[in-house]
Each structure stands twice: as C-alpha cells, then as structure tokens.
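# fold the stuff below for me.
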Amino acid sequence: MKGLDEVRYAIYARTAAGGPEQIEAQVRAARKAIARDRRTGGAVREYSDVNVAGGLDGQVPGLAALLLDAASGLLDVVLVTDVGRLSRSAALLREILAALEVAGARVVCAGDSR
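Residues are numbered from 1 along each chain as shown. The predicted structure follows:
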C-alpha cells in the first residue's frame, strides 16, 4: 500500500532524431528533479522512445506503456524535460494529457538541468 507521502513517478524521455545519449540526459534531468522532491519512498518507472517522431497507434511503445500503466493506477506524476517530449502535435498532446488526467496522473516538466 502506498504511504501518504509516497509519490509514484514515471520518467518519460523521447527523441525523434537523437540517440541514447539524449535519452540519458533527459532521464538524468528528471531524476535530479525527483531527488529535489522531499517526499521519499515512491517508485520510479522509466519509459523512453528513441528516434520516434510521435503518434499513438503502436508507433511509440514507451509512451503506450506509460499510458497503460497510468490507466492501471500505477503512476502519480509523469516527469518530462519538456511537454514536447510527450508529443509535438497539439491535438495529440491534448489527448495524452486528458488520458493522464483521467488516470489521476499529473505531468511535471523537470526542465533540462544537466
């Protein structure tokens, strides 16, 4: 059972044309943001998509897994370095944010604090 102060985090990183090093930099920035959070004990799950432009229909497996876990009630906070990591399409971004809201997860932009 989740304690009152525990936050279950998800880190999502995506790059459309970069490589694994860009994903690692995004994950590092998100982990720094989690470390600054005074609440402890929460789980951290990581999801990523390398060299993926966007979309939902199975084209973005990391994002699809994140949304499935959110819908299953496994996540409280989704950290991204920039909301553009979720999608560059405004329409698709609205759809993703709505799905996360329905699941009870909020999105936090960690910023790139390398």
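
# what is the burial count for Leu97?
Residues lying near Leu97 (other Cβ atoms under 10 Å) number 17. Every C-beta, even on glycine, is put in place using the N, C-alpha and C of the backbone.

# sticking with the closest residue to Glu46 other than its chain neighbours, tell me its helix or strand.
Closest residue to Glu46 apart from its sequence neighbours, by Cβ to Cβ, 6 or more residues apart in numbering: Ile11 at 4.8 Å. Using DSSP states H and E, Ile11 falls within strand 9-15.

# return the residues in contact with Glu46.
Glu46 makes contact with Ala10, Ile11, Ala13, Val27, according to Cβ atoms under 8 Å, 6 or more residues apart in numbering.

# dump those to JSON lines, plus pLDDT and neighbour count.
Conversion of these to JSON lines gives the following (pLDDT from 0 to 100; neighbours: other Cβ atoms under 10 Å):
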{"residue": "Ala10", "pLDDT": "95", "neighbour count": "25"}
{"residue": "Ile11", "pLDDT": "96", "neighbour count": "25"}
{"residue": "Ala13", "pLDDT": "95", "neighbour count": "25"}
{"residue": "Val27", "pLDDT": "93", "neighbour count": "20"}
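
# which of those residues sits closest to Ala110?
Nearest to Ala110 among the contacts of Glu46: Ile11, at 8.2 Å, using Cβ to Cβ.

# how close does the closest one get to Ala91?
Distance from Ile11 to Ala91, counting by Cβ to Cβ, to the nearest Å: 24 Å.

# CA atoms only for the longest helix along the chain - export them in PDB, please.
Looking across the chain with DSSP state H, the single longest helix is helix 20-36. The C-alpha trace of helix 20-36 is given here as PDB (Å, rounded to 0.1, in the frame of the first residue of the first chain):
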ATOM      1  CA  PRO A  20      20.500   7.100 -26.500                       C
ATOM      2  CA  GLU A  21      22.700   9.800 -25.000                       C
ATOM      3  CA  GLN A  22      19.900  12.300 -25.400                       C
ATOM      4  CA  ILE A  23      17.500   9.900 -23.700                       C
ATOM      5  CA  GLU A  24      20.100   9.500 -20.900                       C
ATOM      6  CA  ALA A  25      20.300  13.300 -20.500                       C
ATOM      7  CA  GLN A  26      16.600  13.700 -20.200                       C
ATOM      8  CA  VAL A  27      16.400  10.900 -17.600                       C
ATOM      9  CA  ARG A  28      19.200  12.500 -15.600                       C
ATOM     10  CA  ALA A  29      17.400  15.800 -15.500                       C
ATOM     11  CA  ALA A  30      14.200  14.100 -14.400                       C
ATOM     12  CA  ARG A  31      16.000  12.100 -11.700                       C
ATOM     13  CA  LYS A  32      17.500  15.300 -10.400                       C
ATOM     14  CA  ALA A  33      14.000  16.800 -10.100                       C
ATOM     15  CA  ILE A  34      12.800  13.700  -8.200                       C
ATOM     16  CA  ALA A  35      15.900  13.900  -5.900                       C
ATOM     17  CA  ARG A  36      14.900  17.500  -5.000                       C
END
